[in-house]
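In: Predicted model and sequence below, questions to follow.
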Amino acid sequence: MNLFRLCFAAAIASATAVVFASTNAAAPIKTSKAPDARCHVGAYRLDDGRVVSVMPSDDPGKLRWRLLDGRTGKLVRENGAWTSTRGWTEQPDGIKVAFGACNQSRIRFDGRRGRKIGFDIAETRFDSHGLSLRGRLVLPRGHDKVPVVVLVHGSGNLSGVDAYFQQNLFPSQGVGVFVYDKRGTGGSEGKFSKDFDLLSDDAVAALAEARRLGGTRISRIGFHGSSQGGWVAPLAASKTPQAQFVMVVFGLADSVLSEDRDQVAADLRAAGFGDAETLAKARQVSDATGLLATSKGQHGWEELEALRAQYQHEPWWKALKGEYTGDVVQRRRGDDLMQIAMLDSDVSWTYDPMPVLRKLAQPQMWILGGDDAEAPSQETQRRLSALAAEGRAIEGAVFPQADHGILEFETDATGERLHTRMAEGYVALQLDWIKHGRLDDTSYGRAVRLPVSR
């Protein structure tokens, strides 16, 4: 969730339809030499029926393609041609990609021709706590009723409107998407924040704006929260009866501090220090660093110093990592105190998600990575299963070998994870549940379903 490692006005009254031809052209594609690759962003329907999404990459000037089955790659333009690499590995994948000129809206992908899909798009601005926030509603073209999800952000400070791929893939499959820039990012006003109560108010305002723009075309509408959004989306749903469902992907049903605590334990296990005695000692350390974090560096030094004196010569001490514990244990009172105080000072440290999840009336779907190194999901799985057993309207699915983002990975010789793709079945599972409020009796890749309440 990267809570501690962030690297990452009137509304328009009517939707602006962006219309493209839906047939494939036989004319040769001329490679675009446009200096700005953003004109190629969109969803393309290939001549074999598949849909490929093209969005900006995390790297400036580069693009990222995604297929519905989860395969993805980064596109880099060199000498006028696009080179594709597998997932996030930087390894060539052999897939050939070429675009037409910007005004052609064409692609040639892996030997197949395609044309950009037309959507009904409304660019808008809406108000929350006196701030003007930038948003966008993307619907499939036509007049049919469709379900809509409001995307609730992770902890990064990127522009959701510019970056989130769901606004391409989901509408191509009959699901509308409202995406917005959270406060202090992209085209939205205000100061960047990680205050869950404030962010949930913004999400409520976003859903209201999506309902206003979508009008009678919306069949059902709800929140879709990823990572940090797993705390914010359910909280937002508890504040508005207009939200009819909540989907959380790679989020936690545990506290903010638990993210570091569980990462510390997972990192120690990976380093060969998984015995109960060592993990209990490490828990003492993460409790002390958590006190430092919640007090902005004002309390917890005595506890940390005592633990350092007691444990620093034990072999597991140097293997401490976690979200922030590994960094904090290297510091002493007075060292970079201001830096510690500035780290996510507005995070909702004391937020407990369980009261909200226990009382939430709307149906919930949780999708988790079973091998999530950033937000270990074992405790969340246990809590969700318990809530379902109590009769709460909660379903869940775990992709056992998936990391944060529901990404599959390989491990290199140094132990670093190389993310290769989104898990197969991940996108299809989301779409089926959003459309129908239930899952088909089919498999979704390697996903294992958690107990379902009836």
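Out: Arrived safely, thanks for sending. Numbering: from 1, shown residues only.
In: Run through the residues that contact Ser227.
Out: 1-2, 154-155, 249-251, 375, 404-405 (Cβ atoms under 8 Å, 6 or more residues apart in numbering). Every residue, glycine included, has its C-beta placed from N, CA and C.
In: For Asp195, which non-adjacent residue is spatially closest?
Out: Computed as Cβ to Cβ, 6 or more residues apart in numbering, the closest residue to Asp195 that is not its neighbour in sequence is Asp346, at 4.9 Å.
In: what pairs with the closest residue to Gly111 other than its chain neighbours across the strands?
Out: Leaving aside its chain neighbours, Gly111 sits nearest to Lys96 (7.0 Å; criterion: Cβ to Cβ, 6+ apart). With DSSP bridges as the criterion, Lys96 is bridged to Thr83.
In: tell me what the host helix or strand of Asp327 is packed against?
Out: Following DSSP states H and E, one finds Asp327 within helix 325-328. In terms of contacts (3 or more Cβ pairs under 8 Å, 6 or more residues apart in numbering; DSSP states H and E), helix 325-328 is packed against helix 256-270, helix 276-294.
In: what packs against the last one?
Out: To tie it back to what came earlier, the one meant is helix 276-294. By 3+ Cβ pairs under 8 Å, 6+ apart, helix 276-294 packs against helix 256-270, helix 301-311, helix 325-328.
In: List the buried residues in the first one.
Out: For helix 256-270, the buried set under the neighbour-count rule, 16 or more other Cβ atoms under 10 Å, comprises 256-268.
In: I'd like the residues you listed laid out as CSV, including distance to Asp201.
Out: Listed next are the buried residues of helix 256-270 as CSV, based on distance: Cβ to Cβ, whole Å:
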residue, distance to Asp201
Val256, 18
Leu257, 23
Ser258, 24
Glu259, 23
Asp260, 26
Arg261, 28
Asp262, 28
Gln263, 29
Val264, 32
Ala265, 34
Ala266, 33
Asp267, 35
Leu268, 38
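In: Quick check: Met55 touching Gln166?
Out: No. Contact between Met55 and Gln166 fails when scored by Cβ atoms under 8 Å: they sit 9.7 Å apart.
In: mind listing the strands for the stretch 51-200 of the chain?
Out: All strands of the stretch 51-200 of the chain, identified by DSSP state E, counting those that start in this stretch, fall at 51-56, 63-67, 72-78, 81-86, 91-99, 106-109, 112-116, 119-128, 131-140, 146-152, 176-180.
In: name the helices or strands packed onto the first one?
Out: Translated: strand 51-56. strand 42-46, strand 63-67, strand 106-109, helix 160-163, helix 166-172.
In: And the ones you listed: which comes nearest Leu137?
Out: helix 166-172 (9.1 Å; Cβ to Cβ).
In: Next, Asp254: secondary structure please.
Out: At Asp254 the chain is in coil, as set by DSSP: H, G, I helix; E, B strand; the rest coil.
In: contacting residues for it?
Out: Counted by Cβ under 8 Å, 6+ apart, Asp254 has contacts 262, 353, 379-380, 383.
In: Can you read off the pLDDT for it?
Out: As summarised for this prediction, Asp254 has a pLDDT of 90.
In: and the gap between it and Thr240?
Out: Asp254 sits 24 Å away from Thr240, going by Cβ to Cβ, to the nearest Å.
In: picking that back up, Throw the contacts of Ser227 into JSON lines and include pLDDT, distance to Phe178 and secondary structure, thanks.
Out: Shown next, in JSON lines, are the contacts of Ser227 (pLDDT from 0 to 100; distance: Cβ to Cβ, whole Å; DSSP: H, G, I helix; E, B strand; the rest coil):
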{"residue": "Met1", "pLDDT": "52", "distance to Phe178": "22", "secondary structure": "coil"}
{"residue": "Asn2", "pLDDT": "48", "distance to Phe178": "24", "secondary structure": "coil"}
{"residue": "Gly154", "pLDDT": "91", "distance to Phe178": "16", "secondary structure": "coil"}
{"residue": "Ser155", "pLDDT": "88", "distance to Phe178": "20", "secondary structure": "coil"}
{"residue": "Val249", "pLDDT": "98", "distance to Phe178": "16", "secondary structure": "strand"}
{"residue": "Phe250", "pLDDT": "97", "distance to Phe178": "20", "secondary structure": "coil"}
{"residue": "Gly251", "pLDDT": "96", "distance to Phe178": "19", "secondary structure": "coil"}
{"residue": "Ala375", "pLDDT": "90", "distance to Phe178": "25", "secondary structure": "coil"}
{"residue": "His404", "pLDDT": "96", "distance to Phe178": "24", "secondary structure": "coil"}
{"residue": "Gly405", "pLDDT": "97", "distance to Phe178": "21", "secondary structure": "coil"}
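In: related to what we said a few turns ago, and the helices and strands packed on helix 276-294 as TSV, adding distance to Gly111?
Out: As requested, the helices and strands packed on helix 276-294 are arranged in TSV below (distance: least, Cβ to Cβ, whole Å):
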stretch	distance to Gly111
helix 256-270	40
helix 301-311	58
helix 325-328	46
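In: how about the ones you listed, which one is nearest Asp412?
Out: Asp412 sits nearest to helix 256-270 of all the helices and strands packed on helix 276-294, at 13.9 Å, using Cβ to Cβ.
In: so what secondary structure elements neighbour that closest one?
Out: With contacts taken as 3+ Cβ pairs under 8 Å, 6+ apart, helix 256-270 sits against helix 276-294, helix 325-328, helix 378-389.
In: Ala428 is nearest to which of those helices?
Out: Here helix 378-389 is closest among the helices and strands packed on helix 256-270 (Cβ to Cβ), at 20.9 Å.
In: Other residues contacting the closest one?
Out: Residues outside helix 378-389 that contact it (Cβ under 8 Å, 6+ apart): 251-254, 258, 262, 354, 357-358, 366, 368, 394-396, 398, 450-453.
In: Any of those buried? List them.
Out: 251-254, 258, 262, 357, 366, 368, 394-396, 398, 450, 453.
In: which one of these is nearest Val329?
Out: Asp262 (16.9 Å).
In: hang on, isn't that closest one packed against Ala373?
Out: No. With contacts counted by Cβ under 8 Å, Asp262 stays clear of Ala373, the gap being 9.9 Å.
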